[in-house]
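> Show me how the following folds:
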Amino acid sequence: ATIMEQTVRTRLVGDILQHLAAHTTDLTPSEKRQPASAYFDPDYAARERDALFRTVPLLFAHASELPAAGDFLTGELVGTPVLAVRQDDGSVKAFSNVCRHRGARLEGDPCDNRRAFTCPFHAWTYGRDGRLKTISYPAGFDHTDKAERGLLALPCEERHGFVWVVPTPGAGINVARHLGAELDAEFTAWKLDQAPCARSAGFTGTSNWKLVVDGFLEDYHLPVLHRKTIGPYFAPNLHRFDAFGRHGRLVPVRANIDQVKHLPAEQIDLLAHAIVLYVIFPN
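Below is the predicted model of the structure:
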């Protein structure tokens with residue numbers, strides 16, 4: 001496999017050239033009105049978090065951020081504190097980043113390497129594999145079975161170079177099934193597992209999550225909102241969109257497509273004249 005299969009790239013270029021010649025773009029079958037309450041109703045948002053975000057694999061990190069045994073990352077997924085740790089056997093496990101004694105946040109650093117994790121409240125200590133290793137002043141816990149007080153495991157899978165986590169203990173995880181066969185194969189062709197993570201950043205804002213997703217599902221705004229920055233580098237309102245079940249691939253087209261529009265599709269490098277964006281539900 002190559003970085004995105006050549007047959008897929010050629011097909012996308014051909015579709016883009018047809019749109020360019022006809023002054024069209026990919027559209028939904030008809031207009032759709034969305035009630036504003038879907039964006040500001042807190043009860044609606046709470047139901048979405050439970051029904052959509054807590055039951056499916058979510059991207060937590062790139063695997064290259066955990067190169068060695070004992071390397072860890074902390075973060076939150078839908079309010080669930082997560083601790084992901086590279087194991088001695090090379091696998092990655094994820095846990096609720098909460099001590100099983102009094103519920104204190106176990107690991108406070110965003111990343112580092114640990115032989116073990118010690119709670120800052122009462123010094124209960126857990127191994128990389130989540131097992132409770134020591135209880136400080138054990139005489140006070142004669143009836144506590146350490147084997148039953150390990151960290152709560154979260155479903156975790158490493159696939160396509162990413163660490164995926166379901167933020168619900170006891171749930172199952174199957175990333176390939178979540179993506180579907182076609183999109184899973186396309187991700188394999190990108191060889192993302194061979195790439196290093198150059199930069200990872202996050203932000204917190206007072207916005208409904210759907211506004212963020214909506215913004216990346218259209219390039220209609222580029223020549224207007226971004227007219228003084230990236231707007232001039234893109235062909236206005238020209239893109240390809242493909243749905244893969246609940247997921248999607250949006251391909252906005254660069255303005256430099258005009259330089260090669262006379263060539264056959266198979267001679268045009270898609271990645272030199274477009275950007276490929278994936279929306280992995282519900283992200």
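> show me what contacts the closest residue to T168 other than its chain neighbours?
Spatial nearest neighbour of T168, excluding adjacent residues (Cβ to Cβ, 6 or more residues apart in numbering): R54 at 4.9 Å. For glycine as for every other residue, the C-beta is placed from the backbone atoms N, C-alpha and C. By Cβ atoms under 8 Å, 6 or more residues apart in numbering, R54 lies in contact with V78, T80, V166, P167, T168, A171.
> can you tell me how far R54 sits from V92?
20 Å (Cβ to Cβ, to the nearest Å).
> Ok, A274 next?
33 Å.
> Who has more neighbours out of those two?
Per other Cβ atoms under 10 Å, whichever of A274 and V92 has more neighbours is A274, with 25 against 21.
> Cross-check the contact I'm expecting between the more buried one and R249.
No. If you go by Cβ atoms under 8 Å, A274 and R249 don't touch, sitting 11.1 Å apart.
> Need the residues touching each of those two.
Joint contacts of A274 and R249 (Cβ under 8 Å, 6+ apart) are R240.
> sorry, back to before: buried subset of the contacts of R54?
V78, T80, V166, P167, T168 (16 or more other Cβ atoms under 10 Å).
> how deep is the closest residue in space to A195 that isn't next to it in sequence tucked in, by neighbour count?
In space, and not counting its chain neighbours, A195 is closest to G161: 6.1 Å by Cβ to Cβ, 6+ apart. By other Cβ under 10 Å, 17 other residues sit near G161.
> wait, G161 sits on L192?
Yes. G161 is in contact with L192 according to Cβ under 8 Å; the separation is 3.7 Å.
> so what's in contact with those two at the same time?
The contact sets of G161 and L192 overlap at H62 (Cβ under 8 Å, 6+ apart).
> my read: R249 touches D242, true?
Yes. Counting by Cβ under 8 Å, D242 is a contact partner of R249 at 4.9 Å.
> State the distance from L59 to S200.
Separation of L59 from S200 (Cβ to Cβ): 11 Å.
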